[in-house]
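**Q** Just to be clear, the model below is a prediction. Sequence and coordinates:
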Amino acid sequence: MPSCKISNHSFPALYHNIVLYHNIVACPFQYIRFYLYCGHIRHCGNTRHCGNTFRGNRPNYSDMKQVMVPDIPNQERMIMKALLLEQHETLSASIQDIDATQLPSGNVGVDIHWSTLNYKDALAITGKGKIIRQFPMVPGIDFSGVVHHSEDPRFHIGQHVLLTGWGVGETHWGGLAEQARVSGEWLTPLPYELSPRQAMVIGTAGFTAMLCVMALEQGGVTPESGKIAVTGASGGVGSTAITLLSQLGYSVTAISSKSDSRDYLLSLGAKEVLPASNFNQPSRPLEKQRWAGVVDTVGGTILATLLAQVSYNGTVAACGMAGDIQLPTSVMPFILRNIRLQGVESVTVPASKRPAIWQRLQKLLPDSFYQQAANEITLEQVIEHANKLINNRITGRTIVKIR
């Protein structure tokens with residue numbers, strides 16, 4: 001039988017996935033993975049947290065244990081844990097052990113390591129919004145994990161991947177489970193410099209925030225143009241947008257309804273924090289020009305007021321409706337100040353464009369963001385935290401540790 005080599009040891013080629021576990025003392029992240037494919041070693045991406053990588057020092061094999069993991073196609077554990085939504089007379093949400101054969105069709109199987117709790121997930125889990133129209137359903141609009149089965153030549157067993165959007169968690173079973181089976185068209189290879197956990201601290205919210213920042217740039221808004229207002233600032237999209245904009249040199253004003261979030265928002269890079277109540281009342285068609293650009297996540301009266309305050313040639317990127325779906329405004333800001341209102345949608349961004357967006361997120365976000373902006377919970381805590389999120393009692397991102 002042909003063999004592969006790693007660290008001067010030969011193993012049968014069948015066992016070509018080699019997992020190297022650091023001593024917990026040597027690596028605070030506890031482990032780091034390398035995969036050997038036909039003599040080539042691929043790093044999992046934890047370079048932010050471990051210096052023992054091929055980009056820097058060679059791994060210290062004396063601190064590691066070698067574990068051979070056979071590469072067996074079509075291998076799925078038959079029972080998996082998942083948050084299942086069912087509709088009978090009323091909506092029910094519960095953690096259940098589910099037969100993995102019930103997973104929907106797809107050509108790639110993924111062992112999920114991390115997922116998230118987004119506002120859309122919370123609407124679905126609590127039944128506050130008509131997000132899901134077919135049951136039973138596993139919610140969770142994004143996840144990161146490791147491929148355990150692939151019929152797609154773009155993805156191999158053992159590869160780290162992430163997914164956001166594409167209707168997953170809405171029309172196709174999502175990420176709040178131990179496994180997923182999806183179309184390879186929906187997956188993005190995990191960027192080299194990101195860990196699976198970091199990818200979910202960013203998640204759909206961060207991906208959307210990056211699209212909003214890009215919309216401002218495409219509208220000609222530069223750091224020299226003036227102040228940028230960010231609404232829903234303490235939420236996932238808002239928090240990430242503030243961080244991205246401040247890293248790019250913009251002067252950011254955070255607008256939030258949470259009086260206790262001031263220190264948090266300033267730590268992300270906001271220059272000032274204003275209460276949402278200042279903007280949540282009807283305004284004149286045109287107000288004093290204050291903002292070169294706006295990232296809006298709430299809609300409604302707040303968005304209308306900000307539109308009236310945007311400076312000549314300004315751009316507003318609107319991506320949410322947490323406040324209201326209505327927009328009580330007029331055409332005057334558009335035709336008299338030449339402003340642009342750009343809608344931002346992240347669910348169906350073409351797969352070909354996604355890797356570059358993720359690479360930019362990885363480069364812009366500082367290491368501190370992954371700790372400041374993340375609340376970590378378990379799958380069993382999701383239902384409780386969904387209610388907290390709906391009631392505006394959570395700041396930042398909520399990530400879910402699946403395994």
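**A** Yes, it's here.

**Q** Which segments of this protein make up each domain?
**A** Per automatic domain parsing, the structural domains of the chain span 3-69, 79-194+373-401, 204-343.

**Q** These into TSV, with extra columns for mean pLDDT, distance to Ser352 and mean neighbour count?
**A** C-beta here means a position set from N, CA and C on the backbone, and glycine is covered the same way. Converted to TSV, those look like this (pLDDT from 0 to 100; distance: least, CB to CB, whole Å; neighbours: other CB atoms under 10 Å):
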stretch	mean pLDDT	distance to Ser352	mean neighbour count
domain 3-69	36	21	15
domain 79-194+373-401	96	10	20
domain 204-343	97	15	20
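
**Q** In a markdown table, list these along with distance to Arg354.
**A** Shown next, in a markdown table, are the domains of the chain (distance: least, CB to CB, whole Å):
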| stretch | distance to Arg354 |
| --- | --- |
| domain 3-69 | 16 |
| domain 79-194+373-401 | 5 |
| domain 204-343 | 8 |
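
**Q** Out of the ones you listed, the one nearest Pro350 is which?
**A** domain 79-194+373-401 (9.9 Å; CB to CB).

**Q** So what would you say the end-to-end distance of the closest one is?
**A** End-to-end span of domain 79-194+373-401 (CA to CA, to the nearest Å): 18 Å.

**Q** Now do the helices in the stretch 201-350 of the chain.
**A** Using DSSP state H, counting those that start in this stretch, the helices assigned to the stretch 201-350 of the chain run over residues 236-247, 262-268, 300-309, 332-337.

**Q** Please tell me I have it right and Ser251 contacts Arg290.
**A** No: using CB atoms under 8 Å, Ser251 is not in contact with Arg290, being 11.7 Å away.

**Q** Now for those two: what residues contact both?
**A** Between them, Ser251 and Arg290 share these contacting residues under CB atoms under 8 Å, 6 or more residues apart in numbering: Lys227.

**Q** which residue ranges form the strands in the stretch 201-350 of the chain?
**A** Using DSSP state E, counting those that start in this stretch, the strands of the stretch 201-350 of the chain run over 228-230, 252-256, 272-275, 291-296, 310-318, 340-343.

**Q** Now do the last one: which elements does it pack against?
**A** Applying 3 or more CB pairs under 8 Å, 6 or more residues apart in numbering; DSSP states H and E, we find strand 340-343 packed against strand 310-318.

**Q** Next: the fourth one.
**A** For strand 291-296, the elements it packs on are helix 196-218, strand 228-230, helix 236-247, helix 300-309, strand 310-318, judged by 3+ CB pairs under 8 Å, 6+ apart.

**Q** Within its sheet, name the partner strands of the second one and how each one runs.
**A** Right, strand 228-230. strand 252-256 (parallel), strand 291-296 (parallel) (DSSP bridges).

**Q** go on, the last one?
**A** Here the strand partners of strand 310-318, with direction, are listed using DSSP bridges: strand 291-296 (parallel), strand 340-343 (parallel).

**Q** Put the alpha carbons of it into CSV.
**A** Output in CSV follows, covering the C-alpha atoms of strand 310-318 (Å, rounded to 0.1, in the frame of the first residue of the first chain):
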residue,chain,number,x,y,z
VAL,A,310,-27.2,63.5,4.8
SER,A,311,-24.8,65.9,3.1
TYR,A,312,-24.7,66.6,-0.6
ASN,A,313,-23.5,63.6,-2.6
GLY,A,314,-23.8,61.4,0.5
THR,A,315,-24.6,57.7,0.5
VAL,A,316,-26.8,55.6,2.8
ALA,A,317,-26.4,51.9,3.0
ALA,A,318,-29.6,50.3,4.3
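
**Q** Give me the angle between it and helix 300-309.
**A** Inter-element angle recorded for strand 310-318 and helix 300-309: 140 degrees (by axes from the mean of the first three to the mean of the last three CA atoms, to 10 degrees).

**Q** shouldn't Gly167 be in contact with Ser183?
**A** No: with contact defined as CB under 8 Å, Gly167 does not count as touching Ser183 (10.5 Å).

**Q** For the most centrally placed residue in the chain, list the residues it contacts.
**A** For the chain, the residue nearest the mean C-alpha position is Gly203 (0.2 Å; CA atoms, centre = their mean). If you count contacts by CB under 8 Å, 6+ apart, Gly203 has them with 116, 118, 142, 164, 236, 397, 399.

**Q** So which of the helices and strands packed on strand 291-296 is nearest Met80?
**A** For the helices and strands packed on strand 291-296, the distance to Met80 is smallest for helix 196-218, at 17.6 Å, taking CB to CB.

**Q** how distant is that closest one from the center of its chain?
**A** On the basis of CA atoms, centre = their mean, to the nearest Å, helix 196-218 sits 7 Å off its chain's mean C-alpha point.

**Q** My guess is Arg262 contacts Val273. True?
**A** Yes: under the criterion of CB under 8 Å, Arg262 makes contact with Val273 at 4.8 Å.

**Q** A strand includes Ala93, no?
**A** Yes: assessed with DSSP: H, G, I helix; E, B strand; the rest coil, Ala93 lies in a strand.

**Q** In the helix or strand containing Ala356, which residues are buried?
**A** If you go by DSSP states H and E, Ala356 is part of helix 354-364. If you call a residue buried by 16 or more other CB atoms under 10 Å, then helix 354-364 has these buried ones: 354, 357-358, 361-362, 364.

**Q** Also compute the angle for it relative to helix 236-247, please.
**A** Using the same axes, to 10 degrees: helix 354-364 against helix 236-247 is 60 degrees.

**Q** what packs against helix 354-364?
**A** Using 3+ CB pairs under 8 Å, 6+ apart, helix 354-364 sits against strand 188-189, helix 196-218, helix 236-247.
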